[in-house]
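1. Got a predicted structure plus its sequence, pasted below:
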Amino acid sequence: MAPLKSQHHTLSRRLLKTRYDFVSSFPLALLVTMILVFSSVIYNTGKLNQNRSHPKNIDGDATRKSTSFAFLWHEGLSSLKYSMSSKFLFNNNQNNPNGGKRPIMHTFFQPIRTGGDTPAGMSQEAHQALLKEWEAAWQQAGWDTKVLTVQDAKKHPEFEPLSRIIQTFDIGEYDKLCFIRWIAMAATNSGGWMSDYDVFPLHDFRHEGVPNNGAFTMHDGYVPSLASGSKSEWLRMIKRMIDHAQIVRSRSDMFAVEELGHADGNLFRMDYTVMPGNNALTGKEWTWECRALTYPPNKRAVHFSHRAIQEGRLQQGQTLENRAEIASEWLQMWLQKCGRKQFDPNEKKGFLR
């Protein structure tokens, strides 16, 4: 048997060698890990672009998609940046009431052409960019996303009779599609949540499931930018709206909902948990506004509507065409300035610090 002192020296040399090997190989391991991470992000982003359903325009032209390496690299970096900044706010692996699966946030997107532009004063490319930002934000917040189209609405057995009535309304194609999106939600497996694709999540509310036991609920007052309800509730609502619109000639689904709500206060539930985008776009980075405007129990999401972009304070040169960029930049600011703040739900002294 070797002397104890010799054994000690041998063991020390082995430990030092092991430590040296680890330290010297760490930069290489880190580099390999970073390459793998960026490659995975780029690959998955490209795969998402290839597999995403892009409904055709009314004139039959398919929306063009960019698949260049530079494009995928840029999108991969953007996705990774959002993921790294938002992971502390949203626990993507959190179990949900529906068997641990990620809940689904739906939206409706059916491109149409009105001259050279689409509604809201934006080009087709700008709408596609905004839709992409919407998908990325909700997915990073722990939701699956589903983009519904007219083809989804046609799956409902009552689509034909309901759509025939809608086509008689003296309104534009855009507003007719706003009615049809309700049929698309009624055609889903179980109904659930739907938002406009200019609505972005602020706080984690997945644990709520479908609120009010599936009773139809408007979460942005009478504006149908974020709504929830069971499958049967979505069908009930669109039938009431169509019946109402035939009589009073409502100009849009929003006016139909508001008119019905004033006439029957028990027709649906309503809260005000969506922050108007014009309140968000203050033209400066937030400080006290985090608590004053996005206190967690009160605001689920933010709505960068057409009106919000017109009335909010934007950077010089930004217009409606930049709505995706505006939303993305504001969300990054909010995550950095407000996302880490811990709010006491039992606080009684107001929102201001």
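-> Sure thing, it's come through.
2. Identify all contacting residues around stretch 186-195.
-> Contacts with stretch 186-195, where a contact means Cβ atoms under 8 Å, 6 or more residues apart in numbering, come from 103-108, 134, 138, 146, 148, 152-156, 159, 181, 185, 210, 214, 225-235, 238, 301. Using the backbone N, CA and C atoms, a C-beta is placed for each residue, glycine as well.
3. Next, the buried residues of stretch 165-180.
-> I166, F169, I171, D175, K176, L177, C178, F179, I180 (16 or more other Cβ atoms under 10 Å).
4. Need the per-residue pLDDT for the closest residue to N298 other than its chain neighbours.
-> Excluding the flanking residues, the one nearest N298 by Cβ to Cβ, 6 or more residues apart in numbering is T273, at 6.3 Å. Per-residue pLDDT puts T273 at 95.
5. isn't T273 right next to K299, touching?
-> Yes. Here T273 reaches K299: they are 5.7 Å apart, a contact under Cβ atoms under 8 Å.
6. Next, count neighbours for E258.
-> 17 (other Cβ atoms under 10 Å).
7. List phi and psi for it.
-> phi -60, psi -40 (degrees, to the nearest 10).
8. Can you give me every residue that contacts it?
-> Contacts of E258 were listed using Cβ under 8 Å, 6+ apart, and they are Y222.
9. what does the average pLDDT come to for the helix or strand hosting E125?
-> For E125, the enclosing helix or strand under DSSP states H and E is helix 124-140. For helix 124-140, mean pLDDT is 95.
10. Mind giving me the packing neighbours of that helix?
-> Packing partners of helix 124-140 (3 or more Cβ pairs under 8 Å, 6 or more residues apart in numbering; DSSP states H and E): helix 69-86, strand 104-108, strand 144-148, strand 199-201, helix 323-337.
11. Show the end-to-end separation of stretch 246-262, please.
-> Distance across stretch 246-262, first residue to last, is 17 Å (Cα to Cα, to the nearest Å).
12. swap in stretch 300-308?
-> For stretch 300-308, the first and last residues are 17 Å from each other (Cα to Cα).
13. now swap in stretch 191-202 and tell me
-> First residue to last in stretch 191-202 (Cα to Cα) measures 22 Å.
14. K146 - how many residues pack around it?
-> K146 has 20 nearby residues by other Cβ under 10 Å.
15. returning to what we had before: pick the one among the buried residues of stretch 165-180 closest to R291.
-> C178 (34.6 Å; Cβ to Cβ).
16. in a helix, that's where that closest one is, yeah?
-> Yes. Counting by DSSP: H, G, I helix; E, B strand; the rest coil, C178 falls inside a helix.
17. which stretches of the stretch 101-250 of the chain form helices?
-> Ranges of helices in the stretch 101-250 of the chain, per DSSP state H, counting those that start in this stretch, are 124-140, 150-153, 159-167, 173-186, 231-248.
18. In CSV, list those helices along with distance to L267.
-> Formatted as CSV, those follow (distance: least, Cβ to Cβ, whole Å):
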stretch, distance to L267
helix 124-140, 28
helix 150-153, 22
helix 159-167, 18
helix 173-186, 14
helix 231-248, 7
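19. what's the closest of those to W288?
-> helix 124-140 (24.3 Å).
20. tell me the angle the closest one makes with helix 323-337.
-> Computed with axes from the mean of the first three to the mean of the last three Cα atoms, to 10 degrees, the direction of helix 124-140 lies at 30 degrees from that of helix 323-337.
21. Return the set of buried residues in stretch 135-149.
-> So, applying 16+ other Cβ under 10 Å, buried residues of stretch 135-149: 135-143, 145-149.
22. Quickly check these for the two that are furthest apart.
-> Pairwise distances across the buried residues of stretch 135-149 (Cβ to Cβ) peak at 24.3 Å, for the pair G142 and T149.
23. Which of the helices and strands packed on helix 124-140 comes out lowest on mean pLDDT?
-> Note on these: lowest mean pLDDT is at helix 69-86, with a mean of 38.
24. Stretch 292-306: end-to-end distance?
-> Terminal residues of stretch 292-306 are spaced 23 Å apart (Cα to Cα).
25. please begin residue numbering at 21 from this point
-> OK, 21 is where the count begins now, so the last one is stretch 312-326.
26. mean confidence for it?
-> 83.
27. Buried ones in that stretch, by neighbour count?
-> L313, T314, Y315, P316, K319, R320, A321, V322, H323, F324, S325.
28. Which of the buried residues of stretch 155-169 sits closest to D218?
-> Among the buried residues of stretch 155-169, A157 lies closest to D218 (Cβ to Cβ), at 10.7 Å.
29. For the closest one, which non-adjacent residue is spatially closest?
-> Using Cβ to Cβ, 6+ apart and skipping residues adjacent in sequence, the residue nearest A157 is F220, 4.7 Å away.
30. From D190, how far out is the one you found?
-> Distance, F220 to D190, by Cβ to Cβ, to the nearest Å: 33 Å.
31. Where does the prediction get shaky in this structure?
-> Counting by pLDDT under 70, the chain has low-confidence residues at 21-120, 133-140, 315-317, 360-373.
32. mind redoing it with 80?
-> Counting by pLDDT under 80, the chain has low-confidence residues at 21-120, 133-141, 311-312, 314-318, 359-373.
33. about what we covered before: what would the buried residues of stretch 155-169 look like in CSV with distance to S215?
-> Formatted as CSV, the buried residues of stretch 155-169 follow (distance: Cβ to Cβ, whole Å):
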residue, distance to S215
E155, 11
A156, 14
A157, 10
W158, 8
Q159, 13
Q160, 15
A161, 12
G162, 15
W163, 10
T165, 10
K166, 11
V167, 11
L168, 11
T169, 16
